[in-house]
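A.B. asks: generate coordinates for the sequence data below:
(one chain, ligands or ions: 1)
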Amino acid sequence: MNPLPFIKMHGLGNDFVVLDARRHSIALTPETIRRLGDRRRGVGFDQLLTLLPSDDAACYMRIDNSDGSSAGACGNGTRCVARLLLEESGAAEVGIDSPGGLLRARRAPGGLVTVNMGAPRTGWRDVPLAREMDTLHVDLAVEAGGCRLSDPVALSMGNPHAVFFVDDAEAVPLEVVGPLVERHELFPDRANCSVASVRADGSIRLRVFERGAGITQACGSGTCATYAAARLRDLVQGPARIDLDGGPLWMDMNDQGEILMTGPASLSYRGEIDAEMLAGAEAA
Ligand SMILES: N[C@@H](CCC[C@H](N)C(=O)O)C(=O)O
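C.D. replies: Modelled structure (predicted):
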């Protein structure tokens, strides 16, 4: 098998390997994806983004986590892929199809990219939860490392999220409680876990433990979920800046209740994955 070209990108340090499979197909096994995602032995990434042909959009974006599981949405990754496609076409706007639906992205001032991530889905089956429950106040508490998290908002941005509003997000031992929430029996498809503190000025401090990837520098869909949850609970009323470990994202909601996320999309380098690393991959 020939070496496979890739583009390494990141959104606020949430990093991706982008494979362009629009003209020749490639299918990687979960085992190969895990090997590639390994930061010591592989290329290293939070998510692998594979661009596939689409009849309705510039591409279909497949999303795989570094543990080999697949995902329905990736906000930071969508901005990165949008940047590539906007540069390729020279257009002002682009459509990207994804497992969670068709997303539209456009250039924003300062070299940033805005993505319409769609409306949050708040039905308990949409998340999904294991049983019927008020998703605005989920009957869930986890306790570990001297910290108790309870009463999250659960919603889907195309992928499942649990958002806990806490006094001090910095004080939460996310590396301990994150995995407990991710794999709680209430979430049959597992969940991304966000801990958020709303500040007096209306901005939000957010830390995210991602399903299938662990704590990341930033999670775009987690940021959208947190902003949506804050709006639904009336903790913020208008546009808001959300500060992640890797930096800020700017959030807004349009009249249709869709979440608009603006932030950077950075290209790190272009490389090639060698044949040995791709053992188990099938290409055509
Ligand atoms: N980093 C992403 C989220 C990727 C998918 C997530 N880990 C999941 O499994 O749902 C983002 O920027 O949204």
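A.B. asks: so which bits of the stretch 101-250 of the chain are right by the ligand?
C.D. replies: Applying C-beta under 6 Å from any ligand atom, we find that the stretch 101-250 of the chain lies next to the ligand at 159, 192, 210, 211, 212, 213, 216, 219, 220, 221. C-beta: built from backbone N, CA, C; applies to glycine.
A.B. asks: most neighbours, which of those?
C.D. replies: Comparing these by number of neighbours (other C-beta atoms under 10 Å), residue 219 comes first, having 35 neighbours.
A.B. asks: and the residue nearest to it when sequence neighbours are not counted, what's its pLDDT?
C.D. replies: In this structure, residue 219 finds its nearest non-sequential neighbour in residue 208, 3.9 Å apart by C-beta to C-beta, 6 or more residues apart in numbering. Listed pLDDT for residue 208 reads 98.
A.B. asks: any idea how far the helix or strand encompassing residue 208 is from the chain center?
C.D. replies: Under the criterion of DSSP states H and E, residue 208 resides in strand 204-210. How far strand 204-210 lies from its chain's middle: 11 Å, per C-alpha atoms, centre = their mean, to the nearest Å.
A.B. asks: which residues of the stretch 1-150 of the chain fall in strands?
C.D. replies: Applying DSSP state E, counting those that start in this stretch to the stretch 1-150 of the chain gives strands spanning 4-11, 14-20, 26-27, 47-52, 59-65, 70-71, 93-98, 101-108, 112-116, 141-144, 147-150.
A.B. asks: now these as JSON lines including mean neighbour count and mean pLDDT?
C.D. replies: Shown next, in JSON lines, are those (neighbours: other C-beta atoms under 10 Å; pLDDT from 0 to 100):
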{"stretch": "strand 4-11", "mean neighbour count": "21", "mean pLDDT": "97"}
{"stretch": "strand 14-20", "mean neighbour count": "24", "mean pLDDT": "98"}
{"stretch": "strand 26-27", "mean neighbour count": "14", "mean pLDDT": "86"}
{"stretch": "strand 47-52", "mean neighbour count": "23", "mean pLDDT": "98"}
{"stretch": "strand 59-65", "mean neighbour count": "23", "mean pLDDT": "98"}
{"stretch": "strand 70-71", "mean neighbour count": "20", "mean pLDDT": "98"}
{"stretch": "strand 93-98", "mean neighbour count": "20", "mean pLDDT": "98"}
{"stretch": "strand 101-108", "mean neighbour count": "18", "mean pLDDT": "98"}
{"stretch": "strand 112-116", "mean neighbour count": "21", "mean pLDDT": "98"}
{"stretch": "strand 141-144", "mean neighbour count": "14", "mean pLDDT": "96"}
{"stretch": "strand 147-150", "mean neighbour count": "16", "mean pLDDT": "97"}
